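Visitor: The following comprises the amino acid sequence and a computationally predicted model.
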Amino acid sequence: MAIERIPKNTLNKNSWAVNTFNFWQNERNKLALDPSFNISVIHPKLEEMTKDELNFALSRFVSEIKKKDGNDYPGQSLYELVMIIQNHLSVMGKSCQFLNDPTFKQLKDTLDCIMKTRSAKGIGTEKRQAMVLSVDDENKFWSRKLIGDFTPQTLLDAQVVLFGINFALRGGQEHRNLRPGQICKKYCEIVGKYYLEYTEDVSKTNSGGLASRKVKRKVTTAFENTDCKERCIVRLYDTYNKLCPSDRPQDVNYLQPAKKITADCWYSTMPVGRNTLMKTVARLCENAGIEGYYTNHSLRATAATRLFADGMDEQLIAEKTGHRSSAIRSYKRTSIEQQFKVSKVLQGRPPKMAKLADFGPGKQSIKEECDEELKCQVEECSNVEIHKENKSSVRYVHFEADLPEGANISLNFDKK
């Protein structure tokens, strides 16, 4: 019964790690039969090993295991294999702390050494992240009619894209778990617009268990797009609901297109599979001719990145994504323009310009007021005119200059 309560994704990871270890053990034991290899046989099954046997076997495992193509695993992958095996043993009722128990010092030292060695070789140092969709990329989806209310499939895909960006949903599983009851259409009198309100059910940061009992569920909104009704999330959601069967299941939101569609019904009562949903963005990008590593998680990263690039406060971004820690920063991808600006700052700003302070009647001219460095710069420029006027309490300065290409002017005003 305990195993049944473990998330399916965790069980899949456990199977991957255990199967990888069992494959290595079998292959090693075959080689051990040949005296020329001078290696020992590892007889016990993983779950039946003592701590000392685990310490030796896992130390050999992380040292010798290779990918199917013969290449080395990245250090991070080896670490995950060891931690997943530890979790598997815990599920089976065998508690082990591989990185904290002194009994496993050999395993810890071996793993640490291999991780450092492979990082130094550049193996696994680049973390593969789902790429962010630019506004132009999204426009390609719309302009090429890959999403929209044109066909059952394009309307379905539009839901995935719009919900993924506007509600910052995670990958395939969170889309697969989405239920109609989590989305409610409301009207805001303050702004005079309809909007959709999404309420989180369960997620990576809110599993609904004891550890999450005090966690506030994410509630976020998406207002109707009155500037471009063809792309309006509220209108498209209404259209989708009207074209679903009257006896639609209430535990899933995304339904498969019907084999025979009618004017009133485009969809069947069968839910779209998790794997099919997970491939939605990758399929759309391929059809739109967009190259790169794009997944459904790109929609979530796109949401955070767009808000970050527009200067939104981190708390507002966290409310949209549902993050409860600094992990949100990994989703805020800097643009090339921001990186260019940082580079310019690091390479040095233009020479400091003199302050234009309180120009009024009886004040000196700009060349007399500025320092020698600015005098030199002004004298090297042509067509420089300075006009000073005293209008009540307002200081007015008009500056015109034709500067050489690449030159900069900085005006700084000090309030007296």
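Guide: Received the coordinates, thanks.
Visitor: Near Ala303, how many other residues are there?
Guide: By the measure other CB atoms under 10 Å, the count of residues near Ala303 is 23. Glycine gets a C-beta too; all of them are placed from N, C-alpha and C.
Visitor: Equivalent analysis for Val272, please.
Guide: Using other CB under 10 Å, Val272 has 20 neighbouring residues.
Visitor: which SS class is Thr262?
Guide: Three-state assignment for Thr262 (DSSP: H, G, I helix; E, B strand; the rest coil): coil.
Visitor: mind checking pLDDT for it?
Guide: pLDDT, Thr262: 95.
Visitor: and the gap between it and Val281?
Guide: 29 Å (CB to CB, to the nearest Å).
Visitor: Okay, now the unreliable bits of the stretch 101-250 of the chain?
Guide: 172, 202-215 (pLDDT under 70).
Visitor: which one's the longest helix in this protein?
Guide: Ordering each helix of the chain by length in residues (DSSP state H) puts helix 8-32 first.
Visitor: neighbouring contacts of the next helix or strand after that helix?
Guide: For helix 8-32, the succeeding helix or strand toward the C-terminus, using DSSP states H and E, is helix 51-64. Under the contact criterion CB atoms under 8 Å, 6 or more residues apart in numbering, helix 51-64 has outside partners 21, 24-25, 28, 42, 44, 46, 49, 78, 81-82, 85, 96, 98, 101, 103-107, 110-111, 114.
Visitor: repeat for stretch 245-264
Guide: Residues outside stretch 245-264 that contact it (CB under 8 Å, 6+ apart): 151-153, 156, 159-160, 175-176, 178-183, 242-244, 265-272, 277.
Visitor: In ChimeraX, select just the buried ones from the residues you listed.
Guide: Selecting the buried subset of the contacts of stretch 245-264 in ChimeraX, with 16 or more other CB atoms under 10 Å as the burial test, is done by:
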select :152,156,159,160,175,176,178,182,183,243,244,265,266,267,268,271,272,277
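Visitor: Can you give me the distance of Val219 to Gln256?
Guide: On the measure of CB to CB, Val219 and Gln256 end up 29 Å apart.
Visitor: Between these two, point out the one with more neighbours.
Guide: Neighbour totals were compared for Val219 and Gln256, and Gln256 leads with 16 against 13 (other CB under 10 Å).
Visitor: Go ahead and report the secondary structure state at that one.
Guide: The local conformation at Gln256, judged by three-state DSSP, is strand.
Visitor: Check it and give its pLDDT.
Guide: Listed pLDDT for Gln256 reads 96.
Visitor: now swap in Gly322 and tell me
Guide: 71.
Visitor: That one reaches Lys216, doesn't it?
Guide: No. Between Gly322 and Lys216 there is no contact under CB atoms under 8 Å: 9.6 Å.
Visitor: element containing the most centrally placed residue in the chain, please.
Guide: Geometric centre of the chain, nearest residue: Ala301, 3.3 Å, by CA atoms, centre = their mean. Following DSSP H and E, one finds Ala301 within helix 297-309.
Visitor: Just the CA trace of that helix, in PDB.
Guide: Provided in PDB are the C-alpha atoms of helix 297-309 (Å, rounded to 0.1, in the frame of the first residue of the first chain):
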ATOM      1  CA  HIS A 297       8.000  23.900 -20.000                       C
ATOM      2  CA  SER A 298       9.100  26.600 -22.400                       C
ATOM      3  CA  LEU A 299       5.600  28.200 -21.800                       C
ATOM      4  CA  ARG A 300       6.300  28.500 -18.100                       C
ATOM      5  CA  ALA A 301       9.800  29.900 -18.700                       C
ATOM      6  CA  THR A 302       8.300  32.300 -21.200                       C
ATOM      7  CA  ALA A 303       5.800  33.700 -18.700                       C
ATOM      8  CA  ALA A 304       8.500  34.400 -16.100                       C
ATOM      9  CA  THR A 305      11.000  35.800 -18.600                       C
ATOM     10  CA  ARG A 306       8.500  38.200 -20.200                       C
ATOM     11  CA  LEU A 307       7.400  39.600 -16.800                       C
ATOM     12  CA  PHE A 308      11.100  39.900 -15.800                       C
ATOM     13  CA  ALA A 309      12.000  41.700 -19.000                       C
END
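Visitor: Which strands or helices does the next helix or strand after it pack on?
Guide: Later in the chain than helix 297-309, the nearest helix or strand by DSSP H and E is helix 314-321. Helix 314-321 sits against helix 297-309, with contacts defined as 3 or more CB pairs under 8 Å, 6 or more residues apart in numbering; DSSP states H and E.
Visitor: State the number of residues packed around Thr50.
Guide: By the criterion of other CB under 10 Å, Thr50 has 10 neighbours.
Visitor: Not counting sequence-adjacent ones, nearest residue to it?
Guide: Distances taken as CB to CB, 6 or more residues apart in numbering put Pro44 closest to Thr50, at 7.9 Å, once the chain neighbours are dropped.
Visitor: Now do stretch 193-201: everything it contacts.
Guide: With CB under 8 Å, 6+ apart as the test, stretch 193-201 has contacts from 163, 166-167, 177-179, 182-188, 206, 208, 217-224, 226, 233-234, 237, 322.
Visitor: can we see that at 6 Å?
Guide: Residues outside stretch 193-201 that contact it (CB atoms under 6 Å, 6 or more residues apart in numbering) are 167, 182-188, 217-224, 234.
Visitor: for that stretch, which positions count as buried?
Guide: 194-196, 198, 200.
Visitor: Thanks a lot, see you next time.
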